[in-house]
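Novice: everything below, folded, please.
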Amino acid sequence: MLSTSTTLSVLHNVTAAKDLAGQSEEEPCSSHTVAKEMVLSPEEAITRYKRVREAVNKGNNKTAAYRAVGVDRKTIADTAEIAELHAVNPAIFQDLRGTLKKGETLLRFSEK
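Specialist: I've put the predicted structure just below:
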């Protein structure tokens, strides 16, 4: 087992190396992704879709936008219909939303 002083020395060396490389503890390098979160409701899927759209509108390419939001392309493609229906016809969206059963996946809901 390492002593406390050895552990602190190692942490100091890692921090110093990151500072030399231009990275700080608070700013992860660009290859790190946001932790993925499980989305269970259509409203959460709409919010996630809007976050990806906003990232693209800010000048990111789609890959960078997906990475920034913490979602993969296929997930957005599979559930985009939910957000698009909500934007185009909220009344029909609300009617379909009422048919969502507990335990039903968003993919099944988006196929309706």
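
Novice: rest of the way, CA atoms for contacts and neighbours
Specialist: Fine.

Novice: got the domain ranges for the protein?
Specialist: 1-32, 33-110 (automatic domain parsing).

Novice: which of these comes out lowest on mean pLDDT?
Specialist: Taking each of the domains of the chain in turn, the lowest mean pLDDT turns up on domain 1-32, with a mean of 42.

Novice: for V39, helix, strand, or coil?
Specialist: Assigned with DSSP: H, G, I helix; E, B strand; the rest coil, V39 falls in the coil class.

Novice: apart from its neighbours in sequence, what residue is nearest it?
Specialist: Sequence neighbours aside, A45 is the residue nearest to V39 in space, at 6.3 Å (criterion: Cα to Cα, 6 or more residues apart in numbering).

Novice: in what helix or strand does the one you found lie?
Specialist: A45 belongs to helix 42-57 when assigned by DSSP states H and E.

Novice: and the contacts of that helix?
Specialist: Around helix 42-57, the neighbours that count as contacts under Cα atoms under 8 Å, 6 or more residues apart in numbering are 39, 62, 65-66, 68-69, 76, 79-80, 82-83, 86, 97, 106.

Novice: all good on my end, thank you.
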